[in-house]
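Chemist: Okay, sequence plus prediction incoming.
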Amino acid sequence: MIFKCLRLLLVISDFPTASGIRKFTMKILNVAEKNDAAKNISEILSHGGYHRREGISKFNKIYEFPLNLNGQNVMMVMTSVSGHLTNYDFLPNYKSWHSCDPMVLFDAPIVKQVLKDYEPIKQTLQREVRSCQKLIIWTDCDREGENIGIEVIDVCKEIKPNIEVLRARFSEITPAAVNRAVNRLTIPDYNASTAVDVRQELDLRIGAAFTRFQTLRLRRVFPQALSDQLISYGSCQFPTLGFVVERFREVDQFVSEPFWRIVVTVSRDEKTTEFQWQRGRLFDQDCCRAYYEHLHQNRYGQIVEVIKRPKTKWRPTALDTVELEKLASRKLHMGARYAMQLAERLYNKGFISYPRTETKIFPPDLDLKNLVRVQLNDSRWSDFASRILEHGPNPKNGKSSDKAHPPIHPLKVGDSLQGDEARLYELVTRHFLACLSTDAEGAETIVRLCIGKPTLPRTFHSSISTANLLTSEDGELFESKGLMILALNYLEVYIYDRWAEKDMPVFQLGEWILPDNIQILTGQTCPPPLLTEADLISLMDRHGIGTDATHAEHIETIKQRLYVGLEQNKFLVPGQLGMGLVEGYDSMGFEMSKPNLRSEFEADLKLICEGRKTKEEVLHHHLNKYKELFRLALNQASFLDRALALRLEQEAENVQNISGSVGEMASFAAVNNATDGHNQSNVLNPVVAFCPTCHSGLVLRQKRSALRPLTTSSNISNNPGSNEVNQTSNGGWFLSCSGYPNCRYAIWFPDSVIHVRVLSESNENTCNRCTNFIPSSSVHSSNDQLRPSKLGLRFRRNFYLPNGYFQDDDTKEYITCIFCDEDICRTLGIHIRLVNHSSISSQTTVSNEFNANRDPLTSQTRNSSSPLPFSSTTIGSHHNSSSLLHAKPYLNLHPTSNNSSHNTLPRSPNFSRSVDDAEADDSDNILCNCGHSAIQLTVKKPGPNQGRLFYRCSGVTGNSCDFFLWKSQTSSITIAQSSPLYSSTFVPLRNIIDPCSRLENVSENANCVSSRTSGLGSSDSNSPCVICRCGEPAKLLVVNKQSSNKGRHFYACPNSRPNIDGGPASGCNFFQWADHIDTASGQSDSSVCGLSSRRYASGSSTEQRPSYHRTAVSAETNISVGHVPSWPPPASNNSRDIHSHQIL
């Protein structure tokens, strides 16, 4: 370690400086695809002088070293990911196999999010990029590598939206290639990344729909054989399985036929030569015997032709991925997947070039001589390498090239390798040297003999006569071949090929010969051999199934699913399940196991890479194809049952007698009720809209305590296209985020709403006016129906709306979109926070529950019905935050009528009232996160909060939701007249006080600053006022612990402190880095009360807020208001010193 530090200091000292002070002009973050690659690249660029430190992920280290880049002295920070950082998945309400009909998955929204295991890698990237000015991507230069690079870019741009991004392109980790790449930086290939996104989305949708359908149905049809079996489907899996099944059918259905042939044997010079009949073989025994008897009676023959010609055995062409997989399978008896894993290891260690390539042509600028010269140090082929250098490399190129990587070749001597790595390296090296050598040379002799002439010519008694040679009309022709090898050449090093000599005595043209033996041999035709992995890879490559990087994975998958097995540890044979699936779909008339569908899709992916097709048109075209196939498969699922019944030799259950059988087009919910023990009240939860906090789906739910059985048919809608819960109640309806419990966003309906249903998904049943509550760019759907769905509401009798609607009939229904119907929202007291989809980053989904629940800043000059601009801290990395002002305003949710003669919800009065009055009147209506009334308690433990009142969950359901809320101690605080009585979350808005309402007067241009500093320092108008979840001004603290964040300022709740006795902590656990607040522009996060009354007092929704110059980070976590986790924030030793890895 000391030696490395000294080397680092020596490297730094080499930088020339004018003033004598060595200074770095910038810091650059570099990200490789694997840790080994990051280490080896750092080793090369730093000449071994890098400094290593730990990342948050223990598997991905950080390497730092100085570098002179384009004349600038920079500090390079190199780290890595571990393959794909993010992955597509369905929203939570679609993840359960019993949550919806599989048909819905073709159109269901999906989200691309960071995998849970890779969160530490994300945290490392975001921590390191904060102090960097540029980002260089060093991932593999193929489609997948480009996509991984874009994932890294998106994660880093959450922190630094405007960071400059560069791409290093290389095909091998050698000093020449790495230095060339760093000096020729380019930009990422977004088209290639888009192609991967399309493939991932299509594979997810198709695979999930068919897999759920097959598994759920066939488990019930064959409960004994398949009760625990996952019966997966993939658009590459099934064609791969189809190749195996097709070859097996050829072998199984092959009918062997007997054949007969004639062989002539001649002995000379103690050598026996066999002459083969040029007619080959006959399938008529009598005919063949007739020829034999004729030849036996006329045994003399003449040598009618002697041909001597050079023979060449071709050396192999340059090595690509497909050929490497095939050779590893045939020559080394390795599985293709295992071979590629070894190849990737060798690549990351710098022994071979990039192993995933479709190129068989060495580029002209590749220094082949230097690569051969390296191999002079390996005694196994050093002599052969020296002969190549003597005559010059002579590469044999193929025809294909992916324009990205050269053919696979060795980079350094591998004599230190052991085991299978050494065997695979040896194959690559011998293949490379053989490719640069010359073809093997030999001399071939062909002798043709004519036998069977009834009358011999006069010259017969002469041993040799060329005057009158016999022809094929004179008798039967036989042929024999001999081979003499003149020069082995490439065969000296390429031990995987054989070329055997075949000695032949000398025969003279015109010579007459009496054969030693003429005999009839019999045999039978043989079926084609079963497929090996190498054969299967060849078929997949020929038909465009998968890519060179995925062939081995698809083969391994069908093995694991028991669709195929190995015979003699070599040949692939289909299992009963695999045969039954293919035969079942074939009997429906589908070509699911044929390569046509997938090969067409792979061709379209190439067109996306070339920029000739878009993501949308490719997805639309292919998803519609598979969706129609799926619909037909559901209708004809009984064909699948019958085919598998024959193969499994079991009787299929009569699924027509099973209520709700999948594939009989019955209710999928019945299947869930029959198979899922949870028996939820809402089996099918269609997405009504999208959560403005986390972008998951908002689904309709009902409190279990409010459920009661249906009593009359009038309680059920007559609309067959409805998606409703088959229950009715006295109320308790609400829209809940499907991301619960991670996200607790909800919209509650009052008890006056006795029934709610979601209208079926169609153009007329979605709101065309709403531009809000649609998913962010991280949420994808295959159709355009992403706008909020309309709801059908039924109220208690005699309920009326200001627009004239009157509930005078129990079956009458009010159809509306609650997100833009101001009448319904005013009357019901629903306060909905809206979101502007175009302003949300595809990756940044940080929520701010506090701002979702507090009333906006009010002013005496603002009309009670004036709309307010939407304010959010979830600002996208690619959009100007000022665009948030163009979002839908807050709805004016307060009634315009004081008529109380009908059964309506309580409405806000047209005057202000104190918080104490509000609490005295409505304390029982404070709801916890479970949706039940919270209980009021008093702090009895000695301490600064002793005697203070607070609310917590009553636990009536048996489980506590950890809800917590302090009861306000200030009696003089007033609620503005526009504050609604009901919140759109679990905590009523009236109990969350607007911090700015603490001021009796709001200055025209001043920030909201409390008269008491509370740790914020002076009440300067330019200082931000950060409000914690308790509604108190937060304290400004500094990190004192020795860490990368030492000296960094942060805000914390003034009431939060650890409990030394191990009991519950006090305060709201608020935490916010101070540098997350944009003080340069005078603006702050939405958690910072820095809103001037000039923007809000006018009530105009057209004026824009100043732009943020960085991605604003929420002052809240994803924890809802009042939900207090343990103090302190996650750090060692229960200290309030915050480590750098705690950045949210």
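Modeler: Nice, thanks for sending it over.

Chemist: from here on, contacts and neighbour counts on C-alpha atoms
Modeler: Will do.

Chemist: Low-confidence stretches in the stretch 51-200 of the chain?
Modeler: For the stretch 51-200 of the chain, no stretch has pLDDT under 70.

Chemist: can you give me the helices in it?
Modeler: Shown for the stretch 51-200 of the chain, the helices assigned by DSSP state H, counting those that start in this stretch span residues 92-95, 119-129, 143-157, 175-183, 190-221.

Chemist: Can you give the domain ranges for this structure?
Modeler: 2-188, 196-252+553-601+617-657, 258-307+444-524, 321-437 (automatic domain parsing).

Chemist: For residue 791, find the nearest of those domains.
Modeler: Residue 791 lies closest, by Cα to Cα, to one member of the domains of the chain: domain 2-188, at 18.6 Å.

Chemist: Restricting the selection to alpha carbons, write stretch 427-439 to PDB.
Modeler: Taking Å, rounded to 0.1, in the frame of the first residue of the first chain, the C-alpha atoms of stretch 427-439 are listed here in PDB:
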ATOM      1  CA  LEU A 427      -8.300 -22.600 -28.000                       C
ATOM      2  CA  VAL A 428      -8.500 -18.800 -28.700                       C
ATOM      3  CA  THR A 429      -4.700 -18.500 -29.100                       C
ATOM      4  CA  ARG A 430      -4.200 -21.600 -31.300                       C
ATOM      5  CA  HIS A 431      -7.200 -20.500 -33.400                       C
ATOM      6  CA  PHE A 432      -5.700 -17.000 -33.800                       C
ATOM      7  CA  LEU A 433      -2.200 -18.300 -34.800                       C
ATOM      8  CA  ALA A 434      -3.700 -20.800 -37.200                       C
ATOM      9  CA  CYS A 435      -5.800 -18.000 -38.800                       C
ATOM     10  CA  LEU A 436      -2.700 -16.000 -39.500                       C
ATOM     11  CA  SER A 437      -0.800 -19.000 -40.900                       C
ATOM     12  CA  THR A 438      -1.200 -20.800 -44.200                       C
ATOM     13  CA  ASP A 439      -3.400 -23.700 -45.300                       C
END
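
Chemist: Quick check: the residue lying closest to residue 1040 once chain neighbours are set aside vs residue 125, distance?
Modeler: In space, and not counting its chain neighbours, residue 1040 is closest to residue 1046: 5.5 Å by Cα to Cα, 6 or more residues apart in numbering. Going from residue 1046 to residue 125 by Cα to Cα, to the nearest Å gives 19 Å.

Chemist: who's more crowded, these two?
Modeler: residue 125 (24 against 15; other Cα atoms under 10 Å).

Chemist: still on that earlier bit, just read off the phi/psi values of the residue nearest to residue 1040.
Modeler: Backbone torsions of residue 1046, given as degrees, to the nearest 10, read phi -60, psi 130.

Chemist: Run a quick check on it versus residue 1037, I expect a contact.
Modeler: No - here residue 1046 does not reach residue 1037: they are 11.4 Å apart, not a contact under Cα atoms under 8 Å.

Chemist: pLDDT weak spots in the stretch 801-950 of the chain?
Modeler: 833-932.

Chemist: let's go with 50 and repeat that
Modeler: 835-924 (pLDDT under 50).

Chemist: rewinding a little: out of the helices of the stretch 51-200 of the chain, which is the most enclosed?
Modeler: helix 143-157 (a mean of 24; mean count of other Cα atoms under 10 Å).

Chemist: packing partners for it?
Modeler: Counting contacts by 3 or more Cα pairs under 8 Å, 6 or more residues apart in numbering; DSSP states H and E, helix 143-157 packs against helix 119-129, strand 134-138, helix 190-221.

Chemist: switch the cut-off to 7 Å
Modeler: helix 119-129, helix 190-221 (3 or more Cα pairs under 7 Å, 6 or more residues apart in numbering; DSSP states H and E).

Chemist: got the contact list for the shortest one?
Modeler: Read that as helix 119-129. 29, 55-57, 81, 155-156, 159, 1141 (Cα atoms under 7 Å, 6 or more residues apart in numbering).

Chemist: closest to residue 39 among those?
Modeler: Once Cα to Cα is applied, the member of the contacts of helix 119-129 that ends up nearest residue 39 is residue 81, at 12.2 Å.

Chemist: Torsion angles phi and psi at the closest one?
Modeler: The phi/psi pair for residue 81 (degrees, to the nearest 10) is phi -110, psi -170.

Chemist: now the one 4 residues further on
Modeler: As for residue 85, its main-chain torsions (degrees, to the nearest 10) stand at phi -90, psi -30.

Chemist: my guess is it contacts residue 153, does it?
Modeler: No - contact criterion Cα atoms under 7 Å: residue 85 and residue 153 do not qualify, at 10.7 Å.

Chemist: returning to that earlier point: can the helices and strands packed on helix 143-157 go into JSON lines with extra columns for distance to residue 77?
Modeler: Output for the helices and strands packed on helix 143-157, formatted as JSON lines (distance: least, Cα to Cα, whole Å):
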{"stretch": "helix 119-129", "distance to residue 77": "8"}
{"stretch": "helix 190-221", "distance to residue 77": "24"}
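
Chemist: Minimum distance to residue 505: which of those has it?
Modeler: Closest among the helices and strands packed on helix 143-157, once you apply Cα to Cα, is helix 190-221, at 61.9 Å.

Chemist: Can you check what angle separates that closest one from helix 143-157?
Modeler: 100 degrees (axes from the mean of the first three to the mean of the last three Cα atoms, to 10 degrees).

Chemist: Name the next helix or strand downstream of helix 190-221, please.
Modeler: Sequence order places helix 223-226 as the next helix or strand after helix 190-221, per DSSP states H and E.

Chemist: Mind listing what's buried along that next one?
Modeler: Within helix 223-226, the residues that qualify as buried by neighbour count (16 or more other Cα atoms under 10 Å) are residue 226.
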